[in-house]
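[1] the amino acid sequence is not available; the structure is as follows:
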């Protein structure tokens, strides 16, 4: 049997659950599973096992016993379990589910919950997680072991709620990808696994939301990494299979008639995915979903995105009125204001706002994009009044 | 090998020769500049001399401890007259000459009119760990 990386990683939470069920404490068991994974790399190259999971359980169990015995402080608690387990035991789906909740423990910070979830449920190595988040491996190792101490110290009986689990998965998805690990794909895999063992329309809607956004990923950036706005995206690059799956999953969730914020967000994503162009998008329905979303979970980001949708549905003046409900200083507010003022024909104001948006941009791709917008409008303005030479403004070169 | 820090300033450096704000360039000039900067970092990775680089937001503040049990003192955003670092790059090169050569290349990034910006960059050698052999 040869397993690819994803298949191997799917076994990780099952092996970990098997150890925990046999009485191993979570923190030590998690270290033991990592150890077994590392050993599997060289051992399986020579001699791939017929039952990879059974092999991992056996090796992880031995590693656990070694770790537990070598840790005198823990000996009294842990050596009560030193019988060799029978291999091939199948933990139930509930055991894996319990791991999700443990990793989203309410005492953990978001960054700790993310790291622990990726390792204990996702089966990634510390090195891979460190690379994905661009921090040194030793920093990530410390973050994970502190997280495990927190979980162990506060008892296993108060795991996080499903809302926290979903927020953790959404955080992982939003990180996109850097390095070898595609965090968005990993988040989808974990959410799919969660959805298969929990009966909650919001979890299914989160999966739909991820699928619908992932489907559009290739069109979102140019070959040089530059940001491509929705209006300019090549929709032929959108993944029709992922969109179809996302829509089916979402419809099943909506049919349950228990509306929640992820369902509203996924519905908006589905309406975008369904449209052949920005002009042919059902903006009126999108505004209705934003109204629903505001009712469910009011936030400045929702208000900002709603203002964009209102600008498309009812015209830029209406969009600008909607923008008055968004506090100054919210990230990307200047960018939205610039866009609406440009559509409203106020080019000089729009150019100034694009330059402001570049200065306040939260990332480089966004900054470059807003500088391009400012440069484009300023060129239009120079041509209009026949001037040449610089105008006032102070967007610094990067 | 020796490490050097290149500091790029939003404000506080002597004025560049070709000192036109970026939003006043043509879109093509903006593209050419971004491409030059990306290529520069990629080329240094290729030669094994690139260590790290980051851009910084112009928003920031000064922070100072104000005594036990008191909230920290903050001052910001930065006054318009203050020196303001826009970003940094760390390189690891054999000689100071090489560090200067690379900084000059970075300073030659194209700006308005497609001409080099001739921007002033601050180049700072790292203080390194003491060597094994000292005598």
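    Ah, there it is. Just so we're clear, the structure is a prediction, and the values are computed from it rather than from any experiment. Numbers count the residues shown, from 1 in each chain, chains lettered A, B, ... in the order given.

[2] residue B:47 versus residue B:101, what's the distance?
    12 Å (CB to CB, to the nearest Å). C-beta here means a position set from N, CA and C on the backbone, and glycine is covered the same way.

[3] shaky segments in chain B?
    Scanning chain B for pLDDT under 70 picks out nothing.

[4] what does it put close to chain A?
    Within chain B, the positions adjacent to chain A are B:10, B:20-27, B:29-31, B:33-35, B:37-38, B:55, B:57-59, B:86-87, B:109, B:111-112, B:117, B:119 by CB under 8 Å from any CB of the partner chain.

[5] which of these count as buried?
    Neighbour-count burial (16 or more other CB atoms under 10 Å in any protein chain shown) is assigned, among the residues of chain B next to chain A, to B:10, B:20-27, B:29-31, B:33-34, B:37, B:55, B:86-87, B:109, B:111-112, B:117, B:119.

[6] restricted to helices, list these.
    In this view, those that belong to helices under DSSP state H are B:27, B:29-31, B:33-34, B:37.

[7] farthest-separated two in those residues?
    B:27 and B:37 (16.0 Å; CB to CB).

[8] surely residue A:342 is in a helix?
    Yes: applying DSSP: H, G, I helix; E, B strand; the rest coil, one finds residue A:342 inside a helix.

[9] how far away is it from chain B?
    According to CB to the nearest CB, to the nearest Å, residue A:342 and chain B sit 14 Å apart.

[10] just to check, that residue is in contact with residue A:352?
    No: counting by CB atoms under 8 Å, residue A:342 stays clear of residue A:352, with 11.1 Å between them.

[11] what sits up against stretch B:45-59?
    Residues outside stretch B:45-59 that contact it (CB atoms under 8 Å, 6 or more residues apart in numbering or on different chains) are A:359-360, A:362, A:364, A:367, A:396, A:398, B:3, B:10, B:41, B:44, B:76-78, B:84-93, B:98, B:102.

[12] drop anything exposed from those.
    Counted by 16+ other CB under 10 Å, the contacts of stretch B:45-59 give A:359-360, A:364, A:367, A:396, A:398, B:3, B:10, B:44, B:78, B:84-93, B:102 as buried.

[13] so which of those are in helices?
    Going by DSSP H, the helices hold A:359, A:364, A:367, B:44, B:102 from these.

[14] got the contact list for the residue of chain B found nearest chain A?
    For chain B and chain A, the shortest gap (CB to the nearest CB) falls at residue B:23, measuring 3.6 Å. Each residue near residue B:23 by CB under 8 Å, 6+ apart is listed here: A:351, A:354-355, A:358, A:371, A:374-375, A:378, A:393, A:395.

[15] could the residues you listed be laid out in CSV, adding secondary structure, pLDDT and distance to residue A:8?
    Below are the contacts of residue B:23 laid out as CSV (DSSP: H, G, I helix; E, B strand; the rest coil; pLDDT from 0 to 100; distance: CB to CB, whole Å):
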residue, secondary structure, pLDDT, distance to residue A:8
A:351, helix, 97, 53
A:354, helix, 97, 48
A:355, helix, 96, 50
A:358, helix, 95, 44
A:371, helix, 96, 44
A:374, helix, 97, 48
A:375, helix, 97, 49
A:378, helix, 96, 54
A:393, coil, 47, 54
A:395, coil, 49, 48
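
[16] which among the residues you listed end up buried?
    A:351, A:354-355, A:358, A:371, A:374-375, A:378, A:393, A:395.

[17] I'd like to know how far residue B:86 sits from residue A:25.
    In terms of CB to CB, residue B:86 sits 49 Å off from residue A:25.

[18] what ranges do the strands span in the stretch 51-200 of chain A?
    Under the criterion DSSP state E, counting those that start in this stretch, strands of the stretch 51-200 of chain A are mapped to A:177-178, A:181-182.

[19] for chain B, same thing?
    Assigned by DSSP state E, the strands in chain B fall at B:2-11, B:50-55, B:62-64, B:73-75, B:84-93, B:122-125.

[20] out of the ones you listed, nearest to residue A:286?
    strand B:50-55 (33.3 Å).

[21] how far off strand B:84-93 does that closest one point, in degrees?
    170 degrees (axes from the mean of the first three to the mean of the last three CA atoms, to 10 degrees).

[22] buried stuff in strand B:50-55?
    B:50, B:53, B:55.

[23] closest to residue A:241 out of those residues?
    Among the buried residues of strand B:50-55, and counting by CB to CB, the member closest to residue A:241 is residue B:55, at 36.9 Å.

[24] from residue B:41, how far off is the closest one?
    Distance from residue B:55 to residue B:41, by CB to CB: 11 Å.

[25] which parts of the stretch 201-350 of chain A sit against chain B?
    Looking at chain B, the residues of the stretch 201-350 of chain A close enough under CB under 8 Å from any CB are A:224-226.

[26] so how far is chain B from the residue positioned nearest the centre of chain A?
    The centroid of chain A falls nearest to residue A:173 when counting by CA atoms, centre = their mean (1.6 Å). Residue A:173 sits at a distance of 24 Å from chain B (criterion: CB to the nearest CB).

[27] pretty sure that residue is touching residue A:189, no?
    No: in this structure, residue A:173 is not within contact of residue A:189 by CB under 8 Å, at 10.6 Å.

[28] now residue A:31: closest residue in space, sequence neighbours ignored.
    residue A:67 (5.9 Å; CB to CB, 6 or more residues apart in numbering or on different chains).

[29] any idea how many residues pack against the residue nearest to residue A:39 when sequence neighbours are not counted?
    Excluding the flanking residues, the one nearest residue A:39 by CB to CB, 6+ apart is residue A:59, at 5.8 Å. Neighbour count for residue A:59, taken as other CB atoms under 10 Å in any protein chain shown: 20.

[30] how about residue B:118?
    Counted with other CB under 10 Å, residue B:118 comes out at 15.

[31] which residues touch the residue of chain B most remote from its centre?
    For chain B, the residue at maximal distance from the C-alpha centroid (CA atoms, centre = their mean) is residue B:69, at 36.9 Å. Contacts for residue B:69 were tallied using CB under 8 Å, 6+ apart; there are none.

[32] ok so, going back, next one: the residue of chain B closest to chain A from residue A:254, what distance?
    For residue B:23, the distance to residue A:254 - CB to CB - is 44 Å.

[33] and the next helix or strand past the helix or strand containing residue A:294?
    Assessed by DSSP states H and E, residue A:294 sits inside helix A:283-296. Per DSSP H and E, the first helix or strand lying C-terminal to helix A:283-296 is helix A:300-314.

[34] tell me what angle that next one forms with helix A:283-296.
    Using the same axes, to 10 degrees: helix A:300-314 against helix A:283-296 is 160 degrees.

[35] buried stuff in the following helix or strand past helix A:300-314?
    For helix A:300-314, the succeeding helix or strand toward the C-terminus, using DSSP H and E, is helix A:316-323. Buried positions in helix A:316-323, judged by neighbour count with 16+ other CB under 10 Å: A:316, A:318-320, A:322-323.

[36] also stretch A:207-220?
    So stretch A:207-220, judged by 16+ other CB under 10 Å, has buried residues A:207-217, A:219.
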